[in-house]
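**Student:** Okay, sequence plus prediction incoming.
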Protein chains: 2
Amino acid sequence: MATKSTAVMVVMDGAGDRPVPELGGLTPFQAAKTPNFDRLASQGQSGLMHVISPGVTPGSDTAHLALFGYDPVTTYPGRGPLEALGAGLQSKPGDVAFRANFATMNPDFTVTDRRAGREFTGEEGLALQKALDGLDIDGVRVHFVHTVEHRGALVLEGKGLSEKITDVDPHEDGKKVLQATPLVPEAKRTADVVNKLIRLSFERLRGLDVNKARQMRGIASANVLLLRGPGQHREVSTLKERFGIRSAVIAGGALYIGTAKYVGMEHIKVQGQTGTIDTNFDGIADKAAECVESDYDYVFVHIKATDNASHDHNAKQKVLAIERTDRMVGRVLDRVGKKIVIVVTADHTTPVTVGEHTCDPVPIVIWSSFIRPDSVKRLTEIDAPHGALHTIRGIDVLPMLLGYSGKTEKFGS
Amino acid sequence: MATKSTAVMVVMDGAGDRPVPELGGLTPFQAAKTPNFDRLASQGQSGLMHVISPGVTPGSDTAHLALFGYDPVTTYPGRGPLEALGAGLQSKPGDVAFRANFATMNPDFTVTDRRAGREFTGEEGLALQKALDGLDIDGVRVHFVHTVEHRGALVLEGKGLSEKITDVDPHEDGKKVLQATPLVPEAKRTADVVNKLIRLSFERLRGLDVNKARQMRGIASANVLLLRGPGQHREVSTLKERFGIRSAVIAGGALYIGTAKYVGMEHIKVQGQTGTIDTNFDGIADKAAECVESDYDYVFVHIKATDNASHDHNAKQKVLAIERTDRMVGRVLDRVGKKIVIVVTADHTTPVTVGEHTCDPVPIVIWSSFIRPDSVKRLTEIDAPHGALHTIRGIDVLPMLLGYSGKTEKFGS
């Protein structure tokens, strides 16, 4: 293809919705003032997207795999490895990774606070991390990193590990820490290592100065590490290997960064990027434009604020999050509009009336200066079905974007 | 997912059509007065459905497998096992099942009436059934049941059976009964058993009192049993195993009941449910509503009258059948509309101008109180393509219906 552009994908988390009574029966997309999205819709092509397949309610992780062009049914490694990668740990095929959280427990293993008071300073996290990272349990190396609040990620590195074990987290205060048990015979060693690790974490954490100080301040002691969401990194070809492209992810949340790293994307940091409505939209736009101007072939931008508003049943804030993303996209278009093919969409529907992910397809628009227009004028759940994209699946979006960007080769001759 | 509803699917057999000159160029759906379907279309989402895939003319059995969420290419066992299940016989992996019909033949094996006069009382059927059911041929057990008219179903139970044999039914009067021949070497035993069974049926039936009485009344003697449509029950996961749901089928015809049982659905009987225009529409509606009010997750309702009218080239009766189904759906909506997600569609197109199944896609509508509306106002072949469902495949409908009903889990986290 003659025209070479950069492929840009902007995903508003959970932005798809249903008619909201509080908005007069409009969806947040319909209620929002979005001059830039309107321009993309008017000049581009719209449609509805089943992010995974019809009727399947996507998780955030599986949805992003699909949007990155991967079939989640064969490539999804579970949440653990994706969180671990996002938290800055290495994870490679053979390793088993977990989401981790500090908790407070009694010596009889009864959990009294699954979040150990929730408040942690960076210094506290670092001190606790030091006590666990690098441990060796029966030849298995423990890699641990603290992230935010009581949370962290943990990777077990060693031979003969399996993710097929049960959780140790009782998921409820007042209950005892569970024994990890193997779900298949080959997982016995991993379950043993995990059970030893939990005990060892209690021995090593309980007496730390940081916990004494916490107790003095009346905050729960972080005296045990709980693990959940075990998963094993799979052998996946990176985007570079599949398409020969250089890809960047601009996202705040560890899960999105981790999923992008899993497929070989580079994480580009933006000062002040958070999951909230007050994230640095201008900074994100400027960084995305910079990536376009340097030699990235594919730039992925994730905005979390829409999903947080949905989970909080906050329709007005969702409208605001959409409007701010619209301005952010306008800033990108102003600066590098002539050099890009852009997709704007959502990773799933989270109706504010429901507060959870649902299976409804999401609206999507694709635009570039050269693309054929259809008759749709706005990016909404109600307008998009009239567009030229009709219904597409998430896994087809990246190939389409790369095709229009001139980044993929002709098939055949 | 917060919203839990019951998934309801109403299928009008062969209801899809083409413009009919007798109806002024309208299709029967367009010509029918359907205030309830109109409401579903106006408030819900419409589209066209390729029940199997584009260009494939569905059989009634394969179409229903797809609508139940099964790929007919890998799960279709042939007609025999489905008819057998519908007729009340057991059929399990390893068995070979057939459609059966009583015929009249001369001792030289020339068939003089493939339907043996067609008229059978229940007593006659039972007497004939007794003479065949339970036979043992070389260690293979014969299970036979008479259903209606000259028809029945037969299951062979034993070791080393195969469905890969040719039919014995000559499908034409005046021709000799055919020898079953094996299509693969492993099927030799089954062919031998079938050939012995045909001979044995003649020996056991010809002298029965019931046949003497039929001859006295001038009706053809039912002196041989012909078999066709051999099939072997496959290992399929039930809907319960796949989705954890409890499913009910409300249908009159054995084939539909059998196909539903094949995937583990429970058959719910309705007094007066038949395949005709005079079926008990109110009773069907009330039973469907009862199923919604008890703890079924998925309720499937089959209406046959539309297909019969199509095969008879009777456009007016097809319009009437659609209108009566519309009223039936209205009755369900009045009673349990707030508790359901409902799909109304057809299993294939049978144009009244053709009188046989064709490959044309069928209109489909999905509705619930919370679903996003599109701009379509009527359920017709001509309006539906403008809807938000665009083109979907039969196999995707049940997952979508279960997804909206909150019966399936999020994939990933």
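**Tutor:** Alright, I've got the coordinates.

**Student:** Assign a three-state SS to the residue of the stretch 151-300 of chain A found nearest chain B, would you?
**Tutor:** Across the stretch 151-300 of chain A, no residue is closer to chain B than A:G229, which sits at 7.0 Å (Cβ to the nearest Cβ). C-beta: built from backbone N, CA, C; applies to glycine. Here A:G229 is strand, with the state taken from DSSP: H, G, I helix; E, B strand; the rest coil.

**Student:** Around chain B, which positions in the stretch 101-250 of chain A sit nearby?
**Tutor:** Residues of the stretch 101-250 of chain A that fall close to chain B, judged by Cβ under 8 Å from any Cβ of the partner chain: A:G229.

**Student:** Apart from its chain neighbours, what residue comes closest to the residue of the stretch 151-300 of chain A closest to chain B?
**Tutor:** What sits nearest to A:G229 in space, not counting adjacent residues and going by Cβ to Cβ, 6 or more residues apart in numbering or on different chains, is A:R79, at 4.0 Å.

**Student:** And the one you found, how close does it get to A:G258?
**Tutor:** A:R79 is 9 Å from A:G258, where distance means Cβ to Cβ, to the nearest Å.

**Student:** Neighbour count: the two, which is higher?
**Tutor:** The neighbour count for A:R79 versus A:G258, taken as other Cβ atoms under 10 Å in any protein chain shown, is higher for A:G258 (28 against 25).

**Student:** Next one: the more buried one from A:G275, what distance?
**Tutor:** Between A:G258 and A:G275 the computed distance is 14 Å (Cβ to Cβ).

**Student:** same check, this time on A:S60
**Tutor:** Distance from A:S60 to A:G275, counting by Cβ to Cβ: 11 Å.

**Student:** Of the two, which one has the most company?
**Tutor:** Between A:S60 and A:G275, counting by other Cβ under 10 Å, A:S60 is the more crowded of the two (24 against 17).

**Student:** show me where the stretch 51-200 of chain A has helices.
**Tutor:** Remark: helices assigned in the stretch 51-200 of chain A by DSSP state H, counting those that start in this stretch are A:60-67, A:72-75, A:79-86, A:122-132, A:188-205.

**Student:** Quick one: those helices as a markdown table, columns for mean pLDDT too.
**Tutor:** Supplementary listing: these in a markdown table, determined by pLDDT from 0 to 100:
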| stretch | mean pLDDT |
| --- | --- |
| helix A:60-67 | 97 |
| helix A:72-75 | 96 |
| helix A:79-86 | 95 |
| helix A:122-132 | 95 |
| helix A:188-205 | 96 |
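
**Student:** Among those helices, which comes closest to A:D295?
**Tutor:** helix A:60-67 (22.2 Å; Cβ to Cβ).

**Student:** Residues contacting that closest one, please?
**Tutor:** Identification of contacts with helix A:60-67 by Cβ atoms under 8 Å, 6 or more residues apart in numbering or on different chains yields A:9, A:11, A:13, A:51-52, A:58, A:71-72, A:75-76, A:79, A:82, A:255-256, A:259-260, A:262-263, A:300, A:307, A:345, A:347-348, A:357, A:393-395, A:397-398, B:411-413.

**Student:** same check, this time on stretch A:100-116
**Tutor:** Stretch A:100-116 has contacts (Cβ under 8 Å, 6+ apart) with A:117, A:120, A:128, A:144, A:149-154, A:169-177, A:202, A:205, A:220-228.

**Student:** now, which of these lie within strands?
**Tutor:** Using DSSP state E, the subset of the contacts of stretch A:100-116 located in strands is A:144, A:151-154, A:224-228.

**Student:** Narrow those residues to those that are buried.
**Tutor:** A:144, A:151-154, A:224-227 (16 or more other Cβ atoms under 10 Å in any protein chain shown).

**Student:** Got the phi and psi for the closest residue to A:N36 other than its chain neighbours?
**Tutor:** Among residues not flanking A:N36 along the chain, A:G330 sits closest, at 3.7 Å (Cβ to Cβ, 6+ apart). Backbone torsions of A:G330, given as degrees, to the nearest 10, read phi -60, psi -40.

**Student:** Distance of A:G330 relative to A:K287?
**Tutor:** Distance, A:G330 to A:K287, using Cβ to Cβ: 15 Å.

**Student:** And the two? Which one has more around it.
**Tutor:** Neighbour tally, A:G330 and A:K287, criterion other Cβ under 10 Å: the higher count belongs to A:K287, 21 against 18.

**Student:** Now do the contacts for that one.
**Tutor:** Applying Cβ under 8 Å, 6+ apart to A:K287 gives the contacts A:250, A:268, A:270.

**Student:** Where does the stretch 301-413 of chain A get nearest to chain B, residue-wise?
**Tutor:** As assessed by Cβ to the nearest Cβ, chain B sits closest to A:C359 within the stretch 301-413 of chain A, at 3.2 Å.

**Student:** In space, what's closest to the most centrally placed residue in chain A - neighbours in sequence excluded?
**Tutor:** Most central in chain A under Cα atoms, centre = their mean is A:Y256, positioned 2.4 Å from the mean C-alpha point. Once flanking residues are discounted, A:Y256 sits nearest to A:H302: 4.7 Å by Cβ to Cβ, 6+ apart.

**Student:** you'd agree the one you found is up against A:A248?
**Tutor:** No - counting by Cβ atoms under 8 Å, A:H302 stays clear of A:A248, with 11.5 Å between them.

**Student:** So for those two, which residue has more residues nearby?
**Tutor:** More neighbours surround A:H302 than the other of A:H302 and A:A248, with 27 against 23 (other Cβ under 10 Å).

**Student:** helix/strand/coil for that one?
**Tutor:** Assigned by three-state DSSP, the conformation of A:H302 is strand.

**Student:** show me what contacts it?
**Tutor:** Shown in contact with A:H302 (Cβ under 8 Å, 6+ apart): A:11, A:13, A:249-253, A:256.

**Student:** repeat that with 6 Å
**Tutor:** Residues near A:H302 by Cβ atoms under 6 Å, 6 or more residues apart in numbering or on different chains: A:11, A:251, A:256.

**Student:** For the closest residue in space to A:D133 that isn't next to it in sequence, give me its contacts.
**Tutor:** For A:D133, ignoring the flanking residues on the chain, the nearest one in space by Cβ to Cβ, 6+ apart is A:F144 at 4.5 Å. Shown in contact with A:F144 (Cβ under 6 Å, 6+ apart): A:129, A:132-133, A:154.

**Student:** what about 10 Å?
**Tutor:** A:F144 is in contact with A:84, A:87, A:89, A:98, A:100, A:128-135, A:152-156, A:197, A:201, A:225, counting by Cβ atoms under 10 Å, 6 or more residues apart in numbering or on different chains.

**Student:** which of the residues you listed count as buried?
**Tutor:** A:84, A:87, A:89, A:98, A:100, A:128, A:131-133, A:135, A:152-156, A:197, A:201, A:225.

**Student:** In contact with A:S91, which residues?
**Tutor:** Neighbours of A:S91 in contact, by Cβ under 10 Å, 6+ apart: A:77, A:80-85, A:97, A:143, A:153, A:155-157, A:231-233, A:258, A:261-262.

**Student:** what about 6 Å?
**Tutor:** With contacts defined as Cβ under 6 Å, 6+ apart, the neighbours of A:S91 are A:81, A:84-85, A:97, A:155, A:233.

**Student:** Between those residues, which sits nearest B:V365?
**Tutor:** Here the nearest of those to B:V365, counting by Cβ to Cβ, is A:P81; it sits at 42.0 Å.

**Student:** Would you mind confirming that the closest one is in contact with A:R234?
**Tutor:** No - assessed by Cβ atoms under 6 Å, A:P81 is found out of contact with A:R234, at 8.3 Å.

**Student:** Could you chop chain A up by domain?
**Tutor:** Per the record, chain A has its domains at A:6-77+A:236-404, A:82-232, by automatic domain parsing.

**Student:** Give me whichever of the ones you listed is most buried.
**Tutor:** Of all these, domain A:6-77+A:236-404 carries the top mean neighbour count, a mean of 22, counting by mean count of other Cβ atoms under 10 Å in any protein chain shown.
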